[in-house]
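Enquirer: Provided below are the primary sequence and the corresponding predicted coordinates.
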Amino acid sequence: MSGEASSSKEVIYTFQFAGSRSVRQKSTSGKSVAMATIPRIARLMALAIRFEGLLREERLRDYAELARLGSVTRGRMTQIMQLLHLAPDIQEQLLFLVETPGLNERNLRPIVSCIDWSEQRRMFENITRNQA
């Protein structure tokens, strides 16, 4: 060790659960360009993954603390975190999903409650096929 004292860093996260947002970015010509809208379910999946990492790193204690920070109920936080029970390939599909009308966290609850990943995949395929 170099004798430097380790310092504690404050981590601040801002997240919004309501509505989907378009991302705007400046082009090289300086004009504002509208980028693709990130589907809400993709943002929720990304949040669940990030929150799980914060819990694993012990930066936050539990779902209750996450809920307080996010100004949502503990029940809602649990619903979001249950997306982590989906098969990894479904999680990946959600992260890179194009906007699919009607596909939301509520539609995924029956899939999340199923522990068989093969069955989850079948159910997810049925939902996405019916929503297209």
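Expert: Arrived safely. Note that this is a predicted model, so its numbers are computed, not measured.

Enquirer: just checking, what packs against the helix ranked longest in the chain?
Expert: What stands out as the longest helix in the chain, according to DSSP state H, is helix 40-56. With contacts taken as 3 or more Cβ pairs under 8 Å, 6 or more residues apart in numbering; DSSP states H and E, helix 40-56 sits against helix 63-70, helix 74-81, helix 88-95, helix 105-112. Every residue, glycine included, has its C-beta placed from N, CA and C.

Enquirer: least confident of these, on average?
Expert: Ranked by mean pLDDT, the helices and strands packed on helix 40-56 end with helix 63-70 at the bottom, a mean of 92.

Enquirer: which strands or helices does that one pack on?
Expert: So helix 63-70, by 3+ Cβ pairs under 8 Å, 6+ apart, packs with helix 40-56, helix 74-81.

Enquirer: could I get these as a markdown table with distance to residue 87 and mean neighbour count?
Expert: Listed next are these as a markdown table, based on distance: least, Cβ to Cβ, whole Å; neighbours: other Cβ atoms under 10 Å:
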| stretch | distance to residue 87 | mean neighbour count |
| --- | --- | --- |
| helix 40-56 | 12 | 17 |
| helix 74-81 | 16 | 17 |
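
Enquirer: any weak-confidence spans in the chain?
Expert: 1-36, 132 (pLDDT under 70).

Enquirer: let's go with 80 and repeat that
Expert: For the chain, the stretches flagged by pLDDT under 80 are 1-36, 130-132.

Enquirer: tabulate the helices and strands packed on helix 40-56 (JSON lines), appending distance to residue 119.
Expert: Formatted as JSON lines, the helices and strands packed on helix 40-56 follow (distance: least, Cβ to Cβ, whole Å):
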{"stretch": "helix 63-70", "distance to residue 119": "26"}
{"stretch": "helix 74-81", "distance to residue 119": "20"}
{"stretch": "helix 88-95", "distance to residue 119": "11"}
{"stretch": "helix 105-112", "distance to residue 119": "8"}
